[in-house]
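> Show me how the following folds:
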Amino acid sequence: MATPTTIPSPAKETKPIAAERLLAPLERFMRFEAAGGILLIAVSLLALLWANSAWAEEYVAIFQTRKFTIGYGQWALSKPLILWINDLLMAVFFLLVGLEIKREIVVGELSTPRKAALPLAGALGGMVLPGVIYAAINWGRPTIGGWGVPMATDIAFALGILSLVGSRVPMSLRVFLTSLAIADDLGALIIIAVFYTEQIGLNYLALAGAGIAVLVVLNLLGFRRPIGYMLIGLVVWYFVLKSGVHATIAGVLVALTIPTRRRVNQHHYVDFVKRMIGKFEDKIDRTGPAHSSGEQQTLVLAIEGAGRAVQSPLSSLEFRLIPWVAFAIMPVFALANAGIALGNGEDGQGLPMPALLGVALGLMIGKPLGVFGFSWLAVKLGIGETMPGVQWRHIFGASWLAGIGFTMALFIANLAFKNDPGSLDAAKLGVLGGSIVAGAVGLGVLMMCPKIQHDPYHG
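Down below sits the predicted model:
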């Protein structure tokens, strides 16, 4: 998942008022690239402490026992809070994932076979080897169903740690890791849809398909209002949920229907903005107070409207969702899912070790070896090529960062062990432990790289 982006601001601004000065540290933190990962770590620790404290019963009651009902009659849905979070809020997370996947396929690093070869190879290796390691440890055991847990990369954590390295890695390594994580997410979505769906209600699935067809028609007709897609998308989500396919798949399906076409040509946009700025400058009163006239405000609004028109609905919606997902949805998900009662286990003997070891070793051994090995193989076979400025030491460090599973790994663990609380807690602990080790090693490897004086990715 993408991380918050810093927005440029005018060089000179009026002196901030007291309230703005108080909020400034929070705003700076939210623009910090690693902020989402830091918040996830803090919330996860809070959940872990809460679930093992004297208030553990309240944690279970709030998230797992007490049911909340939305709707009326046969249309009502009654679920514990953790399922509302995992089914509904995470559908928004997957909507963002779907938008990122579509953007990368249409205009990004997955848009051509040559561009896509290296991250796709790395993602494939980073899924196959962790799954094999987990299966080897859990073969013949009831916990074998968790083979998909260590196969996913948490892009927010990985990019957040990568940002701490600064100028020791080229920008193209970030592009590689982002593309790899997005391809990884696509693979995880396929695994969820194919292997973690138990029963399918074809009538509801047909209704969901009809909703998607309506969205496709709206796209072809040039309808560009994201709110329309979201309202119909909510209906699609309901029918997908009722069909038995995991409801979060609806988020990805809806994302794929969001238009990527712009309403305004980029050259026309530049010419228009230049004219508006010229008119604004003509109206500046250099001797009077620093207030904008009504005509200047109209010009500013015209520029803002042109800016919205030159953005594709996909880019606009993606940009709006990023802070909500990073600073609200993912922390809430972590709070509800990272609360592991460490005393649980099979027959009171502790957590099932095969599940814990399979997940942990899959993330901190299978992931880095799979990503690095398949990437190296793709280059040696001439299928792919390394990006400008990227050396193998960089890819080795990034391969370890790919072992940070967390959000998607916890999500798949909930699907794999929804009827086995002990194995679920073991898998969660394996996710946390494996992700910490992989992230620490990856950070250490990249910190030992020399600083880059000239980044060829920027020309």
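> domains for the chain, by residue range?
The record's domain parsing of the chain by automatic domain parsing lists 33-261+312-452, 268-305.
> Using CSV, please lay out these together with mean neighbour count.
Any C-beta I mention is one placed from the backbone N, CA and C, and that applies to glycine too. Formatted as CSV, the domains of the chain follow (neighbours: other C-beta atoms under 10 Å):
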stretch, mean neighbour count
domain 33-261+312-452, 20
domain 268-305, 12
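> Worst mean pLDDT among the ones you listed?
Note on those: lowest mean pLDDT is at domain 268-305, with a mean of 75.
> chain center to that one: distance?
Distance of domain 268-305 from its chain centroid, counting by C-alpha atoms, centre = their mean, to the nearest Å, is 38 Å.
> what's the span of that domain from first residue to last?
Terminal residues of domain 268-305 are spaced 13 Å apart (C-alpha to C-alpha, to the nearest Å).
> What of stretch 61-68?
End-to-end distance (C-alpha to C-alpha), stretch 61-68: 12 Å.
> can you pull the contacts of Ala152?
184-185, 188, 405, 407-409, 411-412 (C-beta atoms under 8 Å, 6 or more residues apart in numbering).
> which one is it nearest to, not counting chain neighbours?
Met408 (3.4 Å; C-beta to C-beta, 6 or more residues apart in numbering).
> what does Tyr269 give?
Val310 (4.2 Å).
> related to what we said a few turns ago, pretty sure the residue nearest to Ala152 is in a strand, no?
No: using DSSP: H, G, I helix; E, B strand; the rest coil, the secondary structure at Met408 is helix, not a strand.
> Can you list the helices and strands that whichever strand or helix holds Pro368 packs against?
Per DSSP states H and E: Pro368 is located in helix 367-380. Helices and strands touching helix 367-380, by 3 or more C-beta pairs under 8 Å, 6 or more residues apart in numbering; DSSP states H and E, are helix 113-138, helix 392-401, helix 421-447.
> Just send those helices back as TSV, with distance to Asn52 too.
Below are the helices and strands packed on helix 367-380 laid out as TSV (distance: least, C-beta to C-beta, whole Å):
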stretch	distance to Asn52
helix 113-138	25
helix 392-401	28
helix 421-447	11
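> now for the ones you listed, which one comes closest to Phe68?
helix 421-447 (20.7 Å; C-beta to C-beta).
> helices or strands up against the closest one?
By 3+ C-beta pairs under 8 Å, 6+ apart, helix 421-447 packs against helix 155-165, helix 353-361, helix 367-380, helix 392-401, helix 407-416.
> ok so, going back, could you give the angle of the helix holding Pro368 to helix 353-361?
Interaxial angle of helix 367-380 relative to helix 353-361 (axes from the mean of the first three to the mean of the last three C-alpha atoms, to 10 degrees): 50 degrees.
> Output helix 367-380 in PDB with nothing but the alpha carbons.
Extracted in PDB, the C-alpha atoms of helix 367-380 (Å, rounded to 0.1, in the frame of the first residue of the first chain):
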ATOM      1  CA  LYS A 367      10.700 -14.400   1.800                       C
ATOM      2  CA  PRO A 368      14.300 -12.900   1.400                       C
ATOM      3  CA  LEU A 369      15.700 -16.100  -0.200                       C
ATOM      4  CA  GLY A 370      12.700 -16.400  -2.600                       C
ATOM      5  CA  VAL A 371      12.600 -12.700  -3.600                       C
ATOM      6  CA  PHE A 372      16.400 -12.400  -4.100                       C
ATOM      7  CA  GLY A 373      16.800 -15.900  -5.700                       C
ATOM      8  CA  PHE A 374      14.000 -15.500  -8.200                       C
ATOM      9  CA  SER A 375      15.100 -11.900  -9.000                       C
ATOM     10  CA  TRP A 376      18.700 -13.000  -9.700                       C
ATOM     11  CA  LEU A 377      17.400 -15.900 -11.800                       C
ATOM     12  CA  ALA A 378      15.200 -13.600 -13.900                       C
ATOM     13  CA  VAL A 379      18.200 -11.300 -14.700                       C
ATOM     14  CA  LYS A 380      20.600 -14.200 -15.400                       C
END
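> what comes into contact with it?
Under C-beta under 8 Å, 6+ apart, the answer for helix 367-380 is 117-118, 121-130, 150, 153, 180, 384-386, 392, 395-396, 398-400, 402-403, 405, 438, 441-442.
> same question, stretch 307-317
By C-beta under 8 Å, 6+ apart, stretch 307-317 touches 99, 102-103, 224-226, 229, 255, 258-264, 266, 269, 319.
> quick one on the thing from earlier: ok, now how distant is the residue nearest to Tyr269 from Gly160?
30 Å (C-beta to C-beta, to the nearest Å).
> Three-state assignment for Thr197, please.
Using three-state DSSP, the structure places Thr197 in coil.
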